[in-house]
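>>> I would like to see how this sequence folds:
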Amino acid sequence: MLGFGKDDTNALTMNQPHPDSLLDTGVQGVISKPLDRVDGPKKVTGTATYAAEYAIENCAHGVLVSATKGHAKIKSIDADAVKAIPGVIDVITDYDTFIRNSQQGGETSAPTQGVRTVDYFGEIIAIVVAESFEIARDAAKRLKVEYEPLDGTFDYEANKAEAEPAPDGLIKGHYDQGDFDRAFDGAAVKVDVTYTTPSQNSAAMEPHASIAVWEDGALTLYGAYQMPTSDAQQLAKSLGVSPSKVRIISRYIGGGFGSKLGIAPESVAAAIAAKRSNRPVKAVMLRQQVFDATVRRSNTEQRMRLGAEAGGRIVALGHESITSNLPDEDFFEPVGIGTHFLYAGENRRINHDVVRLNWLLSGSMRAPGEAVGMVGLECAMDELAEAVGIDPIALRKINDPEQDPELKVPYSSRQLTRALEEGAKHFGWDQRQAPGTRREGDWLIGMGVASAARSNMLQQSSAKVELHPDGTATVSSAMTDIGTGSYTIMAQIAAEILGLPVEKITMALGDTNDPPAAGSGGSWGAGSAGSAVYLAAERVREKLAKAMGVNTDSLTLKDGMAIGDNRSVPIGELVGKESLSAVGTIKPGQQEKQFNQASYGAHFAEVGVNVVTGEVRVRRMLGVFAAGRVLNAKTARSQCLGGMTFGIGTALTEDLIHDPRTGKLVNHDLAEYHVPVNADVPQLEVHFLDERDIHANPIHAKGIGELGISGAAPAVVNAIYNATGVRVRDMPVTLDKLLDHLPAL
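Below is the predicted model:
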């Protein structure tokens, strides 16, 4: 070794812009390239190990038991009868230790505990542990529970008048600027409409699953979790143990979309059961339990009031929403989060109210706020454009502000107008016709547009980079990959800075024994954990320069060789006998307060509506996005494709239905909750605008994982209107809402 500390830390707080980035040199030529996923071969060959697949010796099986009442007290659970079944190890009914899924994720305090009172149908109340899954499942079905029914609140429509102001959280619950009422009343052109969206489920392919193993008083949990660092702290507090005694391993996650931000009931249940039985316990939620007892996106009712001058300049912008959640929960769907900064308008009212219902917990689902809030905003903008008599794109360009209309700070970067213009050119927007006038046989054809916007966030994260004597490197962090491409883009960052081929980089993610990270959520993963890798690799690069006796600025690293002062040396020779290593840590700072940071884009959709059946088919869809530096063109495109597909689901199919008598979810599986399938999704086209955001982080990248869904649904809904002349404001737009209004054959 050269005398450098093995865990030497390179930390950066984003208090100043970071105009110079080592990724700009492009010497190795791997950054931004559409490289295949480094974890791809493992996934397609079935050798990537997911939470429920770890081969743990002597592992017992646990099956969770769900409440069959919407609101009740538990009087008794006949555990003894079930324990007598051969093969049953234990029945744990100590429900004080069970928890409700945390609403937002990232919290480190113990979640709400105690289910002596059942608050919603399907809430987890016990776990049965047995020698096999089949025995545990059978015993769980046989478990008898006696309830004392309580009056519950199950009907949204009947109770929405009791909505209360949402508490300030991620954004203000109620926000007023200027004199909205006066400006709206005096506006030359006004739109006053209400849009509704139903509850939704993340519908990730992999169910929530945990395997709990105790050894020497310490817990290792193999789980499907997006944010292992904060999840481990949360789990420790719910179990009453030191955080140092809890380790979460979450190497591969089969989708999360927000449902796996916080710990779910199966993790605590498995941990308690494993400790009591003195052996490992695996608990995998049944598909119906994933729907019933994890988290949903809240239903929304959005009153949109837009007032404009005769030429289209907005003078009054109102977005008032009602959502729902359990009593005493702080989280609310931040419906107006994008409305705060997307368009100009000096008089503004953006309010959020919450109805308290005995329904499944409401929490974060992909792009919380924007995904459904922009349905109201962007469809209302379409209606305003028609009322003013101008093109929808022209209206958006007129109201594209030069600075944040509320905070009065500049945008770190903003290419909304360019995205709209580029998208219009690629899509053939100039061929769009008046509503209800384009017809091909039995099909009415229409085009729609919507803006896309998603706030960019930076979260404290760390990563370690080790450069080995053989010229290979290892990157480790508690960061996760939920299918977004974290393994690949972090390998590309390290490879670019260290001058190594990507295949020389070994990635180790999803283990809380490694440097802590914010994990995958809020579209902050790449910018946060990726910046931590950047900083660690930068420090290792400095060590190589010192070992070679050259200035860092004059050092070139490429293809495993260090080049400087007319010398070329294999990187491995500079490392010596022991690995060189460094830890990088990024922290948010003043830049997020001095600038409004967000990603932008534009969605375009063409639909066909059958005049006989009312069937809607999305014929083509195009998105143009600007999200800072694109770290991998292929994985970034995949994220946008997924988001656009989500948007099709919001517009046309997804509807999580609650029984108004009990709150029970009627369609709690993938057979009855209709997500878009291959036949519903046309060939999607994605374009990226070249951009660097020096205020965001040292890699100049911004969040993209949730940008693709933001605005996707209203583009489809607006296209339906253009095709038919029928405006549907209740999502999803199913054929029954169109049929009676379509023209005769």
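>>> so which elements touch the strand or helix carrying Leu384?
Using DSSP states H and E, Leu384 maps to helix 370-388. Here helix 370-388 is seen to pack against strand 189-197, strand 300-308, strand 314-325, helix 339-342, helix 392-398, strand 443-455, helix 633-652, helix 712-724 when contacts are counted using 3 or more C-beta pairs under 8 Å, 6 or more residues apart in numbering; DSSP states H and E. Quick note: C-beta positions are derived from backbone N, CA and C, even for glycine.
>>> between that helix and strand 300-308, how many degrees?
If you take axes from the mean of the first three to the mean of the last three C-alpha atoms, to 10 degrees, helix 370-388 sits at 30 degrees to strand 300-308.
>>> mind checking the SS state of Ala547?
Three-state call for Ala547 (DSSP: H, G, I helix; E, B strand; the rest coil): helix.
>>> okay, the closest residue to it other than its chain neighbours: pLDDT?
In space, and not counting its chain neighbours, Ala547 is closest to Leu574: 4.3 Å by C-beta to C-beta, 6 or more residues apart in numbering. As predicted, Leu574 sits at a pLDDT of 97.
>>> tell me how many other residues crowd Leu574.
Residues lying near Leu574 (other C-beta atoms under 10 Å) number 21.
>>> so it sits in a strand?
No. Read with three-state DSSP, Leu574 is helix and lies in no strand.
>>> for it, give its distance to Lys546.
9 Å (C-beta to C-beta, to the nearest Å).
>>> just want the most central residue of the chain.
Ranked by distance to the mean C-alpha position of the chain (C-alpha atoms, centre = their mean), the top residue is Arg366 at 3.5 Å.
>>> what sits closest to it if chain neighbours are left out?
Per C-beta to C-beta, 6+ apart, closest to Arg366 is Phe257, 4.4 Å.
>>> which of the helices or strands spans that neighbour?
Using DSSP H and E, Phe257 sits within no helix or strand.
>>> show me what contacts it?
For Phe257, the contact set (C-beta atoms under 8 Å, 6 or more residues apart in numbering) comprises 202-204, 365-366, 482.
>>> take these and lay them out in a markdown table including pLDDT.
Output for those, formatted as a markdown table (pLDDT from 0 to 100):
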| residue | pLDDT |
| --- | --- |
| Ser202 | 98 |
| Ala203 | 97 |
| Ala204 | 97 |
| Met365 | 97 |
| Arg366 | 97 |
| Ile482 | 96 |
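>>> ok, back up a step: measure the residue nearest to Ala547 to Thr25 for me?
Leu574 is 19 Å from Thr25, by C-beta to C-beta.
>>> one more: Thr480?
Counting by C-beta to C-beta, the gap from Thr480 to Thr25 is 29 Å.
>>> can you check Asn399 too?
39 Å.
>>> which one of the two is surrounded by more residues?
The neighbour comparison of Asn399 against Thr25 (other C-beta under 10 Å) goes to Asn399, with 22 against 16.
>>> ok, and the closest non-adjacent residue to the more buried one?
Using C-beta to C-beta, 6+ apart, the nearest residue to Asn399 is Tyr343, at 4.4 Å.
>>> show the contacting residues for the one you found.
If you count contacts by C-beta under 8 Å, 6+ apart, then Tyr343 has 314, 317, 381, 396, 399-401, 405 around it.
>>> and the strands in the stretch 101-250 of the chain?
Under the criterion DSSP state E, counting those that start in this stretch, the stretch 101-250 of the chain carries strands at the ranges 117-118, 124-130, 145-149, 164-165, 174-177, 189-197, 209-215, 218-223, 246-249.
>>> low-confidence ranges in the stretch 201-350 of the chain?
Applying pLDDT under 70 to the stretch 201-350 of the chain picks out no residues at all.
>>> next one: the chain
1-7, 95-106, 110-115, 745.
>>> any idea how it splits into domains?
Following the TED database, one finds the domains of the chain at 9-30+458-587, 60-152+202-296, 413-456+594-741.
>>> could I get these as JSON lines with distance to Ala163?
What follows is these, written out as JSON lines (distance: least, C-beta to C-beta, whole Å):
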{"stretch": "domain 9-30+458-587", "distance to Ala163": "26"}
{"stretch": "domain 60-152+202-296", "distance to Ala163": "17"}
{"stretch": "domain 413-456+594-741", "distance to Ala163": "16"}
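>>> for Ser321, which of those is the nearest?
Ser321 lies closest to domain 413-456+594-741 among the domains of the chain, at 13.5 Å (C-beta to C-beta).
>>> quick one: end-to-end distance for the closest one.
43 Å (C-alpha to C-alpha, to the nearest Å).
>>> how about stretch 237-244?
11 Å.
>>> which parts of that stretch are buried?
Under the neighbour-count criterion of 16 or more other C-beta atoms under 10 Å, stretch 237-244 has 237-239, 241 buried.
>>> which one of these is nearest Val91?
Leu239 (19.3 Å).
>>> contacting residues around the closest residue to that closest one other than its chain neighbours?
In space, and not counting its chain neighbours, Leu239 is closest to Ala271: 5.9 Å by C-beta to C-beta, 6+ apart. For Ala271, the contact set (C-beta under 8 Å, 6+ apart) comprises 210, 212, 214, 219, 221, 235, 239.
>>> distance-wise, check the fifth one relative to Ala274.
Which is Leu221. Counting by C-beta to C-beta - Leu221 and Ala274 are separated by 9 Å.
>>> next one: the fourth one
According to C-beta to C-beta, Leu219 stands 8 Å off from Ala274.
>>> find residues that contact each of those two.
Going by C-beta under 8 Å, 6+ apart, residues that sit against Leu219 and also against Ala274 are 212-213.
>>> pick out whichever of those two has more residues nearby.
Neighbours per residue (other C-beta under 10 Å) separate Leu219 from Ala274, with Ala274 holding more: 26 against 22.
>>> so the host helix or strand of the more buried one versus strand 218-223, what angle?
Element membership of Ala274, judged by DSSP H and E, is helix 265-277. Using the same axes, to 10 degrees, one finds that helix 265-277 and strand 218-223 are set 140 degrees apart in direction.
>>> what angle separates helix 265-277 from strand 124-130?
Put simply, helix 265-277 runs at 50 degrees to strand 124-130, going by the same axes, to 10 degrees.
>>> buried stuff in helix 265-277?
Neighbour-count burial for helix 265-277 [16+ other C-beta under 10 Å]: 265-275, 277.
>>> all the strands of the stretch 601-745 of the chain, residue numbers only.
For the stretch 601-745 of the chain, the strands defined by DSSP E, counting those that start in this stretch cover 616-626, 684-688.
>>> Val284 is nearest to which of the ones you listed?
Taking C-beta to C-beta, strand 684-688 is the member of the strands of the stretch 601-745 of the chain nearest to Val284, at 32.6 Å.
>>> show me what that closest one is packed up against.
helix 416-427, strand 616-626, helix 633-652.
>>> Gln289 is nearest to which of those?
helix 633-652 (21.7 Å).
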